[in-house]
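**Q** Got a sequence here, can you model it:
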Amino acid sequence: MTYIANPSRYDKMAYRRCGKSGIKLPEISLGLWHNFGGVDTYETYRAILRTAFDAGITHFDLANNYGPPPGSAEENFGSILKKDFLPYRDELIISSKAGYHMWPGPYGEWGSRKYLISSCDQSLKRMGLEYVDIFYSHRPDPDTPMEETMGALDQIVRSGKALYAGLSNYNPEQTKEALAILKDLGTPCLIHQPKYSMLVRDPEEGLLDVLGDEGVGCIPFSPLAQGLLTGKYLNGIPEGSRADLEHGFLQKDEINDQLVDKLKSLNNLAEKRGQSLAQMAIAWLLKDERITTVLIGASRVSQLENSLGALDNKDFSNGELEEIEKILK
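**A** Residues are numbered from 1 along each chain as shown. Coordinates of the predicted model:
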């Protein structure tokens, strides 16, 4: 059945300017880190992508190693792009990244010019695209000069393989250095993607100030702290959840009584606000004007729709913010 996008998809979604650029991004973006790989169900993630675009989500975020197996998320996205979204390509912001391990040998990870440019070419081929809108350095490389890594991003943009350059997982000092180099090269950084949530506050220790001062957008990933802020773990570790899997990023020993007490208190506050815990966690990030968009994941359509509900109540009273800080401390 031919997909026809919802004609009113732009009526409800709000869009924020990305730093000082000409780009606006939806307040919620969809990440394909999990649930879009070769081990996942095609029709499920196809429905998620359709629902996202119908709701005004124009930004789909990928990386070379997303799967599993690595590369499969881009392949699957490329297949759905061809079937459903090609008529809407100019309405989409599609991003990819390179930095983590992707293929054997010394040129298959980190930040060399060879790796970044080769990886970008491979990503474009997997997705069937002539260009991505944003291409990121996925992590800083301690052994490659920053000038080489940023020079590769500059070359990728100048060659037309990407429209904008981005950074991810760079600390404040590394970000400052990278932004200065890119600015001198004439390819200013569009956006930075840090790990940020109610439970992971590192970007508040200088990074958000750097981005605000330099006019660079910010797109937090893992806003729900690997599912901890969904309410899923309020009564222990459910079977089949991320914490229940041996290979997951979220380990069982992270979920202790002290954390569960915090989650229960946050959940009580969310209920008073008429929100789920996940909705409040997303809205809490959007309270900061330096945040351009929040990058969410979804394993099913209902999960995506729940996250979108965060946009129905983004306002916090001073009392609510103080209570959140008290709980988190």
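
**Q** which outside residues touch stretch 299-319?
**A** The contact list for stretch 299-319 (C-beta atoms under 8 Å, 6 or more residues apart in numbering) reads 12-14, 27-28, 30, 34-35, 44, 47-48, 51-52, 55, 273-276, 278-284, 286-287, 294, 296, 298, 324. The C-beta positions use only the backbone N, C-alpha and C, and glycine is treated the same way.

**Q** hmm, try it at 7 Å
**A** 14, 27-28, 35, 44, 47-48, 51-52, 55, 273-276, 278-279, 282-283, 286-287, 296, 298 (C-beta atoms under 7 Å, 6 or more residues apart in numbering).

**Q** Just the residues you listed: which are in helices?
**A** If you go by DSSP state H, the contacts of stretch 299-319 have 44, 47-48, 51-52, 278-279, 282-283, 286 in helices.

**Q** any chance of the residues you listed in TSV, plus neighbour count, distance to residue 62 and pLDDT?
**A** Converted to TSV, the ones in helices among the contacts of stretch 299-319 look like this (neighbours: other C-beta atoms under 10 Å; distance: C-beta to C-beta, whole Å; pLDDT from 0 to 100):
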residue	neighbour count	distance to residue 62	pLDDT
44	14	17	98
47	14	18	98
48	24	14	98
51	19	18	98
52	25	13	98
278	23	22	98
279	23	25	98
282	28	20	98
283	23	25	98
286	22	23	98
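
**Q** what's the closest of those residues to residue 84?
**A** residue 47 (10.5 Å; C-beta to C-beta).

**Q** how near is the nearest residue to that closest one once chain neighbours are set aside to residue 5?
**A** The shortest distance from residue 47 to any non-neighbouring residue, by C-beta to C-beta, 6 or more residues apart in numbering, is to residue 301 (5.3 Å). Noted for residue 301: a distance of 16 Å to residue 5, by C-beta to C-beta, to the nearest Å.

**Q** With residue 152 instead?
**A** Distance of residue 152 to residue 5, computed by C-beta to C-beta: 35 Å.

**Q** before we move on, what about residue 129?
**A** 19 Å.

**Q** These two: which has the busier surroundings?
**A** When neighbours are counted by other C-beta atoms under 10 Å, residue 129 and residue 5 differ, and residue 129 comes out ahead with 18 against 14.

**Q** Okay, and the more buried one sits in which element?
**A** If you go by DSSP states H and E, residue 129 is not part of any helix or strand.

**Q** list the contacts for it?
**A** Residues near residue 129 by C-beta under 7 Å, 6+ apart: residue 94.

**Q** Quick check: nearest residue in space to residue 155, chain neighbours excluded?
**A** Leaving out its chain neighbours, the residue that sits closest to residue 155 by C-beta to C-beta, 6+ apart is residue 117, at 6.6 Å.
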